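Undergrad: Dropping a prediction and its sequence here:
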Amino acid sequence: MSTAQPTHQHTEFHRGTIPSDQLASGVLHVHVIGEQMTGDGAATAFLLAQEAEADQPPAAYVNGTRTDVTLGGMNDTITFGSAPAAAATIRVDYLAAVG
């Protein structure tokens, strides 16, 4: 499993756009996380730096091309159907709630 050093953009949503269950649990805003990773030609699963919002699936790009992934683990792992090529640039954009 690969790990990445995350880069992210900080985006605050108005309270009315955050689901009420998250407001009740103290979530005040959501980060839009953009992580970059590198394929090794063998790994299909990559660990995210934070838990992704399950109802907003991550958007993954391999060398700039949108690629389907599944979200698993505790919403902190993405899995590709086949391993990205060695040295492929992988970008994953996802939402992560913070309090």
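TA: Arrived safely. What you are looking at is a predicted structure, and each value in this text was computed from that prediction instead of being measured. Numbers count the residues shown, from 1 in each chain.
Undergrad: dump the residue contacts of the nearest residue to residue 84 once chain neighbours are set aside.
TA: Distance criterion C-beta to C-beta, 6 or more residues apart in numbering; nearest residue to residue 84, sequence neighbours excluded, is residue 39 at 3.1 Å. C-beta here means a position set from N, CA and C on the backbone, and glycine is covered the same way. Residue 39 sits next to 62, 83-90 when contact means C-beta atoms under 8 Å, 6 or more residues apart in numbering.
Undergrad: got it, and residue 78?
TA: Residue 78 sits in contact with 45-46, 48, 58, 60, 69-72, 92, where contact means C-beta under 8 Å, 6+ apart.
Undergrad: Narrow those to those that are buried.
TA: Taking 16 or more other C-beta atoms under 10 Å as the criterion, what is buried in the contacts of residue 78 is 46, 48, 58, 60, 69, 71, 92.
Undergrad: Who are the contact partners of the nearest residue to the second one once chain neighbours are set aside?
TA: Spelled out, it's residue 48. Ranked by C-beta to C-beta, 6+ apart and with sequence neighbours excluded, the top spatial neighbour of residue 48 is residue 76, at 4.9 Å. Residue 76 is in contact with 47-48, 50-52, counting by C-beta under 8 Å, 6+ apart.
Undergrad: ok now stretch 59-69, how far from the chain's centre?
TA: 12 Å (C-alpha atoms, centre = their mean, to the nearest Å).
Undergrad: what is the mean pLDDT for that stretch?
TA: Averaging pLDDT along stretch 59-69 yields 97.
Undergrad: Now do the end-to-end distance for that stretch.
TA: Chord length of stretch 59-69, first to last residue, is 8 Å (C-alpha to C-alpha, to the nearest Å).
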